[in-house]
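> Okay, structure incoming, though there's no sequence with it:
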């Protein structure tokens, strides 16, 4: 055996044992640190959700008194049933809306926004990337510039337009202004630019027209991106607050994010925190479901698609 | 099966003239290889024939029909791309069938054609796979298959072998040639590789700066290159060029190195003292006394042969390929330049000068 140049490795058999033990100890310590950090992170993020979940199983007065229970109460099922069916008791000033109506509205809005945005962005990005027509770059820059104008900035003119079109208190008025999207167009444009020209040329020789090429080649190749964007846009739509608050006054069209704030009263009556928390838990479920479901999809897409 | 005719096809990109008027007549069933260094316009020429690029002027005729203004799909051609351009989300079968499906062919006929082509190319077992599950050679076959099932009038190949490793390239080269001969489809094959060009083509088009420098059979291009560019491009190692002047009477030339070379095939027209470029291929140089002395710089053993780089009197560089082992070489080597092996070119224009 050649003598090692590393002083730590000199000194025969016993020394190697010592080094092996040191490595084991170091690995154990590293694992321990990792678990502690992760547990802390989970606690910080999960604790509010835990409080909500637990709060939704007690009666209104427990939380009303200022108690913060850490374990489930006895009223879980009845609270959820009442949130789902009636949205709590109506008071003198506010009418209560059942959670299923609000969730249904939110779901409609989020899906329509996500699907609408994806459809429009796909087509506009396709036009900008694969066709050369006069004003192509102008069109692209106009889309690009709207990135700098979020909903909040253009909210007054948009509201005015919606009023003039008579779209106040309609699902159309709720969804359409949120559909125009530069972000998704840009993302699809970047992706389309990576599609090799040879596919376009091969399709031309195969005799596929522009729409055929879009349907048969571009769309299947974009599945991964579409799935990823759907997740992002669904959550974006689901969490919309300001626009629905402005455009919808009819409580039958209320979304759950807005509806929940209206359940918190102005002091006329005791807040039914248990019902509010149950509604909050229900409002969390669809985005979670979308993430969980679509994640499997786009991971699959990522590993199976190759350009 | 068809003929292909190009009439003074020109192409400009903005102010840049890429093709300066290409004329070409391709006979039915002929395999034409367009060869040239990168940027010579060979790919542009192919794309104009395919219809992917529009010619600035001139016309393209396939089987006598003017297709200059037609879409690629209406020209009845098939093309094999450098990176194969197989649709990644479609199986091998779908890739091959796609063009036929768009043309509205019946499912049974599509299946018959794909199966037939797959059998011919020995990819029958791969029909259900996706392109990424295939090796480079298999993708190459699928790309060929996609062209074959179309039963087109014209095959176009855009450097289809350049993404393969050396061994596979030689194998696929032979296969493409065999397939093309068997199907008898008129083909245009673009490559930058002179070996590919020599082995595949019935005729070569050697392109240089947007012009066809020479259109001829491989042996003609090798044996009687039209100018110094063609002479240096075809053949490996490249032909040696030596500066010379024409002797009075035109029957011989005086090399700058001091040697007089006679023209056994007849005198050349021209003024005495006119500058010439004499070309000689490295493999035609022989070992022996009475010629020149080659001061050896570098020796490259190839096994049975040896390539020797050196300089001759006057400082001109010369490469020789000799059938002797590398170990016997060193210092100064006496060499003979056989007169009949010389090619005579004009010293200024580089054009070949044949006996008057």
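The structure has been received and is ready for your questions. These numbers come from a predicted model, not from an experiment.
> how many other residues sit next to the closest residue to residue A:72 other than its chain neighbours?
Distances taken as C-beta to C-beta, 6 or more residues apart in numbering or on different chains put residue A:57 closest to residue A:72, at 4.6 Å, once the chain neighbours are dropped. Where you see a C-beta, it was placed from the backbone N, CA and C, and this is true even at glycine. Per other C-beta atoms under 10 Å in any protein chain shown, the neighbour tally for residue A:57 reads 22.
> which residues does residue A:57 contact?
Residue A:57 is in contact with A:72, A:73, A:74, A:75, A:76, A:79, A:274, counting by C-beta atoms under 8 Å, 6 or more residues apart in numbering or on different chains.
> Going by proximity to chain A, name the top residue of the stretch 251-356 of chain B.
residue B:350 (35.9 Å; C-beta to the nearest C-beta).
> Quick check: that residue vs residue B:256, distance?
Counting by C-beta to C-beta, to the nearest Å, the gap between residue B:350 and residue B:256 amounts to 17 Å.
> Kindly report the domain assignment for chain B.
B:4-226, B:237-346 (automatic domain parsing).
> Which residue, other than its chain neighbours, is closest to residue A:140?
Take residue A:140 and drop its neighbours on the chain: the residue closest to it by C-beta to C-beta, 6+ apart is residue A:128, 5.0 Å away.
> my guess is that neighbour contacts residue A:190, does it?
No. Proximity of residue A:128 to residue A:190 does not meet the contact threshold set by C-beta atoms under 8 Å, at 11.0 Å.
> The two - which one has more neighbours?
Per other C-beta under 10 Å, whichever of residue A:128 and residue A:190 has more neighbours is residue A:128, with 22 against 12.
> how far away is that one from chain B?
Separation of residue A:128 from chain B (C-beta to the nearest C-beta, to the nearest Å) stands at 21 Å.
> That residue sits in which helix or strand?
Here residue A:128, judged by DSSP states H and E, is contained in helix A:99-130.
> could you point out which element follows that helix?
helix A:136-145.
> Checking my notes, residue A:270 in a strand, right?
No. Counting by DSSP: H, G, I helix; E, B strand; the rest coil, residue A:270 is not part of a strand but coil.
> What spatial separation is found between it and residue A:260?
Note on residue A:270: its distance to residue A:260, by C-beta to C-beta, is 17 Å.
> same deal with residue B:317?
86 Å.
> Which one of the two is surrounded by more residues?
A direct count of neighbours by other C-beta under 10 Å for residue B:317 and residue A:260 places residue A:260 higher, at 19 against 12.
> what sits against that one?
A:102, A:276, A:279, A:280, A:283.
> would you turn these into TSV with neighbour count?
Shown next, in TSV, are those (neighbours: other C-beta atoms under 10 Å in any protein chain shown):
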residue	neighbour count
A:102	27
A:276	24
A:279	28
A:280	21
A:283	20
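> Report the distance from the top strand by length along chain B to the chain centre.
Using DSSP state E, we find that the single longest strand of chain B is strand B:286-301. With C-alpha atoms, centre = their mean, to the nearest Å as the basis, strand B:286-301 stands 30 Å off its chain's centre.
> That strand pairs with which strands, parallel or anti?
Strand B:286-301 has these partner strands in its sheet, going by DSSP bridges: strand B:306-311 (antiparallel), strand B:332-336 (antiparallel).
> List of residues touching the longest one?
Going back to what we said before, that points to strand B:306-311. Strand B:306-311 is contacted from outside by B:237, B:282, B:294-300, B:317-326, B:329, B:333, using C-beta under 8 Å, 6+ apart.
> which among those residues end up buried?
Neighbour-count burial (16 or more other C-beta atoms under 10 Å in any protein chain shown) is assigned, among the contacts of strand B:306-311, to B:282, B:294, B:299, B:318, B:319, B:320, B:321, B:322, B:326, B:329, B:333.
> Which ones among those residues map onto helices?
Using DSSP state H, no member of the buried ones among the contacts of strand B:306-311 falls in helices.
> Switch those over to a markdown table; also include pLDDT.
A markdown table is the format used below for these (pLDDT from 0 to 100):
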| residue | pLDDT |
| --- | --- |
| B:282 | 94 |
| B:294 | 90 |
| B:299 | 90 |
| B:318 | 92 |
| B:319 | 93 |
| B:320 | 92 |
| B:321 | 92 |
| B:322 | 89 |
| B:326 | 72 |
| B:329 | 70 |
| B:333 | 88 |
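> Excluding sequence neighbours, find me the nearest residue to residue B:346.
residue B:353 (5.7 Å).
> Next one, pLDDT for that neighbour please.
Looking at residue B:353, its pLDDT stands at 92.
> Residue A:140 too?
Turning to residue A:140, the model gives it a pLDDT of 87.
> which stretches of the stretch 1-150 of chain A have low pLDDT?
A:1-13, A:89-94 (pLDDT under 70).
> The stretch 251-356 of chain B too?
Using pLDDT under 70, the stretch 251-356 of chain B drops low at B:328.
> Kindly recompute the last result at 90.
B:251, B:255-261, B:265-273, B:287-293, B:297-298, B:301-305, B:313-315, B:322-334, B:354-356 (pLDDT under 90).
> separation between whatever residue of the stretch 1-150 of chain A ends up closest to chain B and residue A:219?
Closest contact between the stretch 1-150 of chain A and chain B, by C-beta to the nearest C-beta, is at residue A:132 (12.9 Å). Distance of residue A:132 to residue A:219, given as C-beta to C-beta: 21 Å.
> Of these two, which one has the most company?
residue A:219 (14 against 8).
> Excluding chain neighbours, what is closest to the residue in the stretch 201-350 of chain B positioned nearest to chain A?
The stretch 201-350 of chain B approaches chain A most closely through residue B:207 (20.8 Å), counting by C-beta to the nearest C-beta. Of all residues not flanking residue B:207 in the chain, residue B:36 sits nearest, at 3.4 Å (C-beta to C-beta, 6+ apart).
> same deal with residue B:288?
Nearest to residue B:288 is residue B:336, by C-beta to C-beta, 6+ apart, at 4.3 Å.
> just residue B:67 next, same as before
Nearest one to residue B:67, counting by C-beta to C-beta, 6+ apart, is residue B:75 at 4.8 Å.
> how many neighbours does the one you found have?
So residue B:75, with other C-beta under 10 Å, has 21 neighbours.
> swap in residue A:160?
Neighbourhood size, residue A:160 [other C-beta under 10 Å]: 10.
> quick one: what helix or strand has it in it?
Assessed by DSSP H and E, residue A:160 sits inside helix A:155-164.
> elements contacting that helix?
Under the contact criterion of 3 or more C-beta pairs under 8 Å, 6 or more residues apart in numbering or on different chains; DSSP states H and E, helix A:155-164 touches helix A:171-179, helix A:242-247.
> Brilliant, that's me finished.
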